[in-house]
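model the following, please.
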Amino acid sequence: MSQSLDRALTLVGELATGPKTLEELSGVIDVHKSTALRLLRTLESHRFVQREGVHHYRLGTALFDLANRALEERDVRRSAEAALRELNALTGYTVHLASYEGGEVIYIDKYDSTHPMRMYSRVGRRAPLHCTAVAKVLLSDLPEAKRREIAASMEYPRLTANTITDPAAYLAELERVRERGYAVDNSEHEDFIHCIGAPIRGSRGEVVAAVSMSVPKVLLDFEGLLALVPNLLATARAASIECGHTPRD
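Numbers count the residues shown, from 1 in each chain. Modelled structure (predicted):
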């Protein structure tokens, strides 16, 4: 990667955390302000960066346009939409769609809860691999050698009392997901929310995405959440069919 391109991408990444001054941005890429200004002017001309005032900058509209186009091009997102909307309307709980890309699990769609209490999440956010239902679903479909490699290289920060914190326990959990056909986040990511997830399959039977339903514990206890597994599996099945999968039963 060229040095100028690397610096420009670094600036865009930094602006994703919020507006910055020219001085702050030049410090991030460790160059003189005049060099940073030239890069920012180029980014501004293509609408990747927007100037506010004399020397303040924020992300430009081109990035949002590109993000929306990329999402629209994702066949699984478009194909699964009707089934996920139906599940959201039926239960009123938050429904997510996630995919596994480049070693990361990313939320690619979301349908907000209709209940007053909601969870914070957004499209494009990464899901922790060791403690979310969608990640367990997506990683459980990988070949055993790959699962072991990833489990050994992952970090396991303890986020709640229920968080899995070692590779052996995580691999055992992935095996349970494979056996029962769905995953559970039993307040492992956030202690006030629990979640269930299921695979969406493509034409070759491969897992192309994961659908999940997240519920605050004050609205529904764990047994009540598990009672919704059939609804989740029916949604995953309907979405899979739209993605070209032919169920055996």
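
how near is Glu24 to Lys146?
Distance, Glu24 to Lys146, by CB to CB, to the nearest Å: 40 Å. All C-beta atoms are positioned from the backbone trio N, CA, C, and that covers glycine.

more neighbours, the two?
Ranked by neighbour count (other CB atoms under 10 Å), Glu24 and Lys146 place Glu24 first, with 15 against 11.

what's Leu22 in contact with, if anything?
Contact analysis of Leu22 by CB atoms under 8 Å, 6 or more residues apart in numbering lists 33, 36-37, 40, 55-57.

what pLDDT does the model give it?
For Leu22, the pLDDT comes out at 87.

again with the one 4 residues further on
The model reports Ser26 with a pLDDT of 87.

ok, Arg69 next?
62.

Glu104 now?
On pLDDT, Glu104 comes in at 87.

just Val208 next, same as before
You'll see Val208 listed with a pLDDT of 91.

with adjacent residues omitted, what lies nearest to it?
In space, and not counting its chain neighbours, Val208 is closest to Gly202: 4.2 Å by CB to CB, 6 or more residues apart in numbering.

kindly report the same for Arg178.
Ser140 (4.9 Å).

just Asn88 next, same as before
Residue nearest to Asn88 in three dimensions, not counting chain neighbours: Tyr111, with 3.8 Å by CB to CB, 6+ apart.

how near is the one you found to Ala172?
Where Ala172 is concerned, Tyr111 sits at a distance of 31 Å (CB to CB).

do the same with Arg180
To Ala172, Arg180 is 13 Å away according to CB to CB.

and the helices in the chain?
Using DSSP state H, the helices of the chain run over residues 3-15, 22-28, 33-45, 61-72, 75-91, 133-140, 144-153, 167-180, 222-226, 229-242.

tell me the most buried of those?
Most buried of the helices of the chain by mean neighbour count (mean count of other CB atoms under 10 Å) is helix 133-140; its value is a mean of 27.

give the other helices and strands that it contacts.
In terms of contacts (3 or more CB pairs under 8 Å, 6 or more residues apart in numbering; DSSP states H and E), helix 133-140 is packed against strand 94-101, strand 104-111, helix 144-153, helix 167-180, strand 183-185, strand 193-201, strand 207-216.

among the ones you listed, which is nearest Val28?
strand 104-111 (22.6 Å; CB to CB).

just list whatever residues bridge to the nearest residue to Ser113 once chain neighbours are set aside.
Leaving aside its sequence neighbours, Ser113 sits nearest to Thr94 (CB to CB, 6+ apart; 4.4 Å). The partner list for Thr94 in beta bridges (DSSP bridges) reads Ser214.
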